[in-house]
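Student: Sequence first, predicted model second:
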Amino acid sequence: MTSRLLSPLDLGPLKLPNRVFMAPLTRARAGQPGDVPSELNAEYYAQRAGAGLIVSEATQVSPQGQGYAWTPGIHSDAQEAGWKQVTDAVHANGGRIAAQLWHVGRISHTLLQADGAAPVAPSALVAEGANAFVVRPDGSAGNEPTSMPRALETGEIPGIVEQFAQAARRADRAGFDLVEVHAANGYLLQQFLSTNSNERQDRYGGSLENRARFTLEVVDAVIDAIGAQRVGVRISPHFTGHDIADGQAEESALYLAREFTRRGIAYLHVAEPDWAGGPELSDEFRQALREAFAGVLVFCGGYTAESAEARIASGVADAVAFGRPFIANPDLVTRFAEGAALNKPDPSTFYGGGAHGYTDYPTLGQAE
Ligand code: FNR
């Protein structure tokens, strides 16, 4: 039974035909040079237009915000034009798409930064055990331990807030229906939120409210740029990758959820950590998030059609996002509707490469 999962949902200005979201998925296949979305990327997203909402792969708001080679940006005119062909292709197939706006903070490397500069972070603390993905001077590509970051000056923070606002304006011009602020997975915004990665003494560090200030300033700036009803935010409380260990993960998430409610944003997207190795969220915490946030609440991480249906039936979730199942099944919604078997994703083609493992997973019709 998937009757609730496949039922319509109002999301900001959009009427979604179903509650199956495509999760943001980095695929490291942006056109080179310039990290520009290409025709191949447009084909990939258009194949997945059956999703209630597609959330794009994480997309850097500035060169400084990049931590992996070949990921797309949304800070140049060429990138904006590249994204326009993606959103046009999705819309032509009847779909809807949000842009996930990303600044990696300390999850980067001097090789990815202008003039070999240090990546930026709330505090000069290296993310132990974390990698960036780089193209080395000899042309080889691979993971390298992240570089030691430098702490942002207080006076630099408005400039990064503006990078997000500018990216939101570009996303709007590129035809995206919504934007999703990436405050999850141990990147810059979560580095400010988390107790172990933020040792600042200014108004962006110390108390929970101070640690959350940067995220809320980014959200406010994005709201000013395109309107609250076109904004979503992704958080990942209890995420433990990228050297994140937040002593106030739940309090912080609930504080943000209440602040987002006051601002009237369209949706809150909760990445559950279990897929990435962290602890499972408790039912009590999920329920508390439901009570704290008045908009559309989305969960993601390890769901099947059955468990997603149950989550929505319980009243806790309005929608569920699927990551790996969407990589391997462009027609995931049709397969759910028909109770059909799913193709299995091939992790060896998740990141980088071309059409293989990207646009060549068969639909049900093609498999027959
Ligand atoms: C991800 N995930 C992810 N999350 C995010 O917020 N932005 C991103 O760009 C990416 N990129 C990404 C790439 C790949 C290859 C994977 C597998 C995952 C996390 C993703 O959105 C989702 O939370 C997880 O995949 C768990 O959901 P599933 O796959 O169990 O449905």
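Tutor: Yep, it's here.
Student: burial count for the residue nearest to Ala271 when sequence neighbours are not counted?
Tutor: Spatial nearest neighbour of Ala271, excluding adjacent residues (CB to CB, 6 or more residues apart in numbering): Ser236 at 4.0 Å. Quick note: C-beta positions are derived from backbone N, CA and C, even for glycine. As a burial measure, Ser236 scores 28 neighbours (other CB atoms under 10 Å).
Student: and the residue in the stretch 251-368 of the chain positioned nearest to the ligand, what is it in contact with?
Tutor: With CB to the nearest ligand atom, the shortest gap between the stretch 251-368 of the chain and the ligand falls at Gly323, namely 2.8 Å. Contacts for Gly323 (CB atoms under 8 Å, 6 or more residues apart in numbering) come out as 22-25, 275, 300-301.
Student: and which of those is nearest Thr59?
Tutor: Thr59 lies nearest to Pro24 out of these, by CB to CB, at 8.8 Å.
Student: so is that closest one in a helix, a strand, or just coil?
Tutor: Secondary structure, DSSP: H, G, I helix; E, B strand; the rest coil: Pro24 is coil.
Student: so what's it scoring on pLDDT?
Tutor: In this model, Pro24 is scored at 98, pLDDT.
Student: surely it meets Val181?
Tutor: No: if you go by CB atoms under 8 Å, Pro24 and Val181 don't touch, sitting 11.3 Å apart.
Student: who touches both of these two?
Tutor: Arg234.
Student: Neighbour count: the two, which is higher?
Tutor: Val181 (29 against 25).
Student: Partner strands of the one helix or strand the more buried one maps to and their direction?
Tutor: Per DSSP states H and E: Val181 is located in strand 178-183. Sheet pairing for strand 178-183, assigned by DSSP bridges, gives strand 97-102 (parallel), strand 231-235 (parallel).
Student: Show me which residues of the protein are close to the ligand?
Tutor: 23-26, 57-58, 100, 182, 184-185, 234, 271, 275, 300-303, 322-325, 350 (CB under 6 Å from any ligand atom).
Student: host element of Gln191?
Tutor: Take DSSP H and E as the rule and Gln191 turns out to sit in helix 188-193.
Student: next SSE after that helix?
Tutor: Using DSSP H and E, the helix or strand that directly follows helix 188-193 along the chain is helix 208-226.
Student: What are the buried residues along that following helix?
Tutor: Buried residues in helix 208-226, counting neighbours by 16 or more other CB atoms under 10 Å, are found at 208, 210-223, 225-226.
Student: ditto for stretch 196-204
Tutor: 197-198, 200, 204.
Student: Show me how far that stretch is from its chain's centre.
Tutor: On the basis of CA atoms, centre = their mean, to the nearest Å, stretch 196-204 sits 24 Å off its chain's mean C-alpha point.
Student: Now the biggest strand by length in the chain - C-alpha only, CSV.
Tutor: In the chain, with assignment by DSSP state E, the single longest strand is strand 53-60. These are the backbone C-alpha positions of strand 53-60, laid out as CSV (Å, rounded to 0.1, in the frame of the first residue of the first chain):
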residue,chain,number,x,y,z
LEU,A,53,10.0,17.2,-6.0
ILE,A,54,13.5,16.8,-7.2
VAL,A,55,16.1,18.3,-5.0
SER,A,56,19.3,19.0,-7.0
GLU,A,57,22.7,17.7,-6.0
ALA,A,58,24.5,20.1,-3.7
THR,A,59,25.6,23.1,-5.6
GLN,A,60,28.3,25.5,-4.4
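Student: which strands and helices sit next to that strand?
Tutor: Helices and strands touching strand 53-60, by 3 or more CB pairs under 8 Å, 6 or more residues apart in numbering; DSSP states H and E, are strand 20-22, helix 77-92, strand 97-102, strand 178-183.
Student: didn't Ile97 look like it was pressed against Asp88?
Tutor: No: the criterion here is CB under 8 Å, and Ile97 misses it with Asp88 at 10.2 Å.
Student: Please say which of the two ends up with more neighbours.
Tutor: Neighbour tally, Ile97 and Asp88, criterion other CB under 10 Å: the higher count belongs to Ile97, 26 against 14.
Student: contacts for stretch 203-216?
Tutor: The contact list for stretch 203-216 (CB under 8 Å, 6+ apart) reads 122-123, 154, 157, 160-161, 181, 183, 189, 192-195, 198-200, 202, 233, 248, 251-252, 255-256, 259.
Student: correction: stretch 244-260
Tutor: Stretch 244-260 has contacts (CB under 8 Å, 6+ apart) with 183, 186, 190-191, 193-197, 208-209, 211-212, 215-216, 219, 233, 235, 237-238, 268, 270, 285, 288-289, 292-293, 295.
Student: same thing but at 6 Å, please
Tutor: 186, 193-196, 208, 212, 216, 235, 237-238, 268, 285, 288-289, 292-293 (CB atoms under 6 Å, 6 or more residues apart in numbering).
Student: What's the ChimeraX line that selects buried ones from these?
Tutor: ChimeraX command restricting the contacts of stretch 244-260 to the buried ones, with burial defined by 16+ other CB under 10 Å:
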select :186,193,194,195,208,212,216,235,237,238,268,285,289,292,293
